[in-house]
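Colleague: Predicted structure and sequence below. I'll ask about it afterward.
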Amino acid sequence: MKKRVGILGGTFDPPHIAHLIIANEVRVALSLSKIIFLPNSVPPHKEASSAKAEDRIEMLKLAICDNPSFALDERELTRSGKSYTYDTMKEMVEENPDIDYYFIIGGDMVEYLPNWYKIDQLVNLVQFVGVNRPKYDLQTPYPVLNVEVPEMSVSSSLLRERVAQKKPIDYLLPKEVVSYVKEHQLYET
């Protein structure tokens, strides 16, 4: 029987409490052995990240360090150019043929699936898992398992705005990540 592993990709700029809740809820709901956080370099549908890759890696390490079911994979940050999920998952499946991957996406990305690079091949490599997100519908012509998670309107862009406006970010991020953001003066301008 194959091992079942979840993948949660994103810029994690910064990683926040909703990322952790989503990862844990999906892990439990689908009986996954672990969740791999996969920070990307330059996603095809977004602008470059605000924080440097090194800072995002450090923040992710701090965010997940107390959960043995969470792991980090930095491969997309070492690859040059845009990060395509197809390329990464093809590589991971070839490296680990004994693992079934469950790729976790929010409602915004469920709606965007028809635009993903090599989506028709990608759905043969991974099982997509869609999680509800405020204001998004989980309807798609692609095979997506839906997992209900507590809805939160926390986003990385909201947190970056709050820091720039000198508003508190406590409790929206793990306290170690809050300390890191303050210590390194991230997102202040």
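Modeller: Perfect, I can see it now. Numbering: from 1, shown residues only.
Colleague: So what's the gap between stretch 147-157 and the chain middle?
Modeller: 12 Å (Cα atoms, centre = their mean, to the nearest Å).
Colleague: Over to stretch 172-187?
Modeller: On Cα atoms, centre = their mean, the centre of stretch 172-187 falls 18 Å from the chain's centre.
Colleague: can I get the CA coordinates of stretch 118-135 in CSV?
Modeller: Output in CSV follows, covering the C-alpha atoms of stretch 118-135 (Å, rounded to 0.1, in the frame of the first residue of the first chain):
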residue,chain,number,x,y,z
LYS,A,118,-0.1,21.0,-18.2
ILE,A,119,-3.1,20.5,-16.0
ASP,A,120,-4.4,17.5,-17.9
GLN,A,121,-1.1,15.7,-17.2
LEU,A,122,-0.9,17.0,-13.6
VAL,A,123,-4.2,15.5,-12.6
ASN,A,124,-2.6,12.1,-13.4
LEU,A,125,0.3,12.8,-11.1
VAL,A,126,-1.5,14.1,-8.0
GLN,A,127,-4.9,14.0,-6.3
PHE,A,128,-6.0,17.6,-5.9
VAL,A,129,-7.6,18.6,-2.6
GLY,A,130,-9.7,21.8,-2.5
VAL,A,131,-10.3,23.6,0.7
ASN,A,132,-13.1,26.2,1.1
ARG,A,133,-12.0,29.8,1.1
PRO,A,134,-14.2,32.8,1.7
LYS,A,135,-15.8,34.1,-1.6
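Colleague: Quick one: find the helix or strand in the chain with the lowest mean pLDDT.
Modeller: helix 107-112 (a mean of 85; mean pLDDT, DSSP states H and E).
Colleague: which parts of that one are buried?
Modeller: 107, 109-111 (16 or more other Cβ atoms under 10 Å). Any C-beta I mention is one placed from the backbone N, CA and C, and that applies to glycine too.
Colleague: Which neighbouring elements make contact with that helix?
Modeller: strand 127-131 (3 or more Cβ pairs under 8 Å, 6 or more residues apart in numbering; DSSP states H and E).
Colleague: Just the buried positions in the strand it packs on, please.
Modeller: Applying 16+ other Cβ under 10 Å to strand 127-131 flags 128-131 as buried.
Colleague: Please determine how far the closest residue to A53 other than its chain neighbours is located from K166.
Modeller: Once flanking residues are discounted, A53 sits nearest to L77: 4.6 Å by Cβ to Cβ, 6 or more residues apart in numbering. In this view, L77 and K166 are 29 Å apart by Cβ to Cβ, to the nearest Å.
Colleague: more neighbours, the two?
Modeller: L77 (18 against 7; other Cβ atoms under 10 Å).
Colleague: Next up, the contacts around the more buried one.
Modeller: 39-41, 53, 56-57 (Cβ atoms under 8 Å, 6 or more residues apart in numbering).
Colleague: could you redo the last one with a cut-off of 10 Å?
Modeller: Contact analysis of L77 by Cβ atoms under 10 Å, 6 or more residues apart in numbering lists 38-42, 49, 52-54, 56-57, 83.
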